[in-house]
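K.L.:
sharing a model that was predicted from the sequence below.
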Amino acid sequence: MEATGKAQQQNTVVASNSEDAINVLVISGRSGSGKTSVLNILEDLGYYSIDNLPLSLVPEAAHKLISESGLKRIALGVDIRSPRADLSNFSAIHDTLKQTYDEKNVQVIYVTAQEGTLVARFNATRRVHPLMAQDSEDSEHTSYNLPAAIKKEVELLQPIASHADIIIDTTKLNIHQLKERLREQIGAENKIVINLLSFGFKYGSPIDADFVFDVRILPNPHWNPALRSATGLDGEVAEFFADYPEVAEMTDDIDKFLNRWLPDFLHNNRHTVTIGIGCTGGKHRSVFITEQLRNRLAASLPTELTVIAKHREKSRW
């Protein structure tokens, strides 16, 4: 066992995930186990993340970020690169954080993996273990090969591991599973923003779109002089489209496709999905269908998916 006591409480969840609650997460773990990936995921979940912070600076960093900058959720990464005297003093630093921000608002997440997996990861990436790098720069340190460095790291990180509230073993986790495990452990909601974007092909396709639907095949109100100055937001354009059943059919088809597949993105480590709806000028057909889809999807998709409609060419109308 690498940790005892609270470290056994692997299903611990942050007491409050309210937007107004202060959450201080200290992220540590074995080199190669995925600590940086955890920090990146936490950043996506709304935490302000700092990696490779000297342990002695953690209380000061937390104070500046929370008290001076007004941030509520922070994740501070510390690892074996921190001075060894700081590592042995982790208990005092941990107590300081709990006294300052309340015990229920401070948690330690320890990331680990099986030794064979760590060796394989270092060999695959050809990176040098931090303890081996330190040895090449400091003759006072004992020389380590990779297996020895991995084992020694467990010993040096024990003061942090013994205070862990959450332990995540990444041996058999891919990045999507890691996100799901982490999200469940800290009690963060899994949310995705669905951006519906109308645009005009004549001004270029959106390069950041995950899906693009071309509605130029539909009847174009532009050729009706009375509707040329109107947009897809206007009632008279909606009345025009009502006379063409293919408009409703295409809207139904796109709606059915998106309702089928968008919920699956909740399990795909995504935070936004952009869907482009394009016509020639981005004023009538694409705007009308984008608004229709916004209303339908907002009513039919899971609540974790927030639907937003944007009209890229609005300034050209």
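P.N.:
Great, that's in hand.
K.L.:
for the nearest residue to Glu291 once chain neighbours are set aside, give me phi and psi.
P.N.:
Spatial nearest neighbour of Glu291, chain neighbours left out: Ala309 (6.1 Å); criterion: Cβ to Cβ, 6 or more residues apart in numbering. Placement of C-beta: from N, CA and C, glycine included. For Ala309, the backbone dihedrals (degrees, to the nearest 10) come out as phi -110, psi 130.
K.L.:
who's in contact with Ala309?
P.N.:
Leu196, Ser198, Thr290, Glu291, Leu293, Arg294 (Cβ atoms under 8 Å, 6 or more residues apart in numbering).
K.L.:
and the fourth one, how far is that from Phe241?
P.N.:
Just to be clear, that refers to Glu291. 11 Å (Cβ to Cβ, to the nearest Å).
K.L.:
so what touches the host helix or strand of Lys256?
P.N.:
Per DSSP states H and E: Lys256 is located in helix 245-261. Outside helix 245-261, the residues that touch it by Cβ under 8 Å, 6+ apart are 211, 213, 215, 217-219, 241, 275, 277, 285, 288-289, 292-293, 296-297, 300-301.
K.L.:
which among those residues end up buried?
P.N.:
Buried members of the contacts of helix 245-261, scored by 16 or more other Cβ atoms under 10 Å, are 213, 215, 218, 241, 275, 277, 285, 288-289, 292-293, 296-297, 301.
K.L.:
ok, of those residues, which one's closest to Asp86?
P.N.:
Using Cβ to Cβ, Leu301 comes nearest to Asp86 of the buried ones among the contacts of helix 245-261, at 47.3 Å.
K.L.:
surely the closest one is in contact with Leu266?
P.N.:
No: in this structure, Leu301 is not within contact of Leu266 by Cβ atoms under 8 Å, at 10.0 Å.
K.L.:
so which of the buried ones among the contacts of helix 245-261 is the closest to Tyr101?
P.N.:
Of the buried ones among the contacts of helix 245-261, the one sitting nearest to Tyr101 (Cβ to Cβ) turns out to be Leu301, at 36.3 Å.
K.L.:
that older thread, who does the residue nearest to Glu291 bridge with?
P.N.:
Per DSSP bridges, the residues bridged to Ala309 are Leu196.
K.L.:
what does Gln107 give?
P.N.:
Leu25.
K.L.:
burial of it, as a residue count?
P.N.:
Residues contacting Gln107 under the criterion other Cβ atoms under 10 Å number 25.
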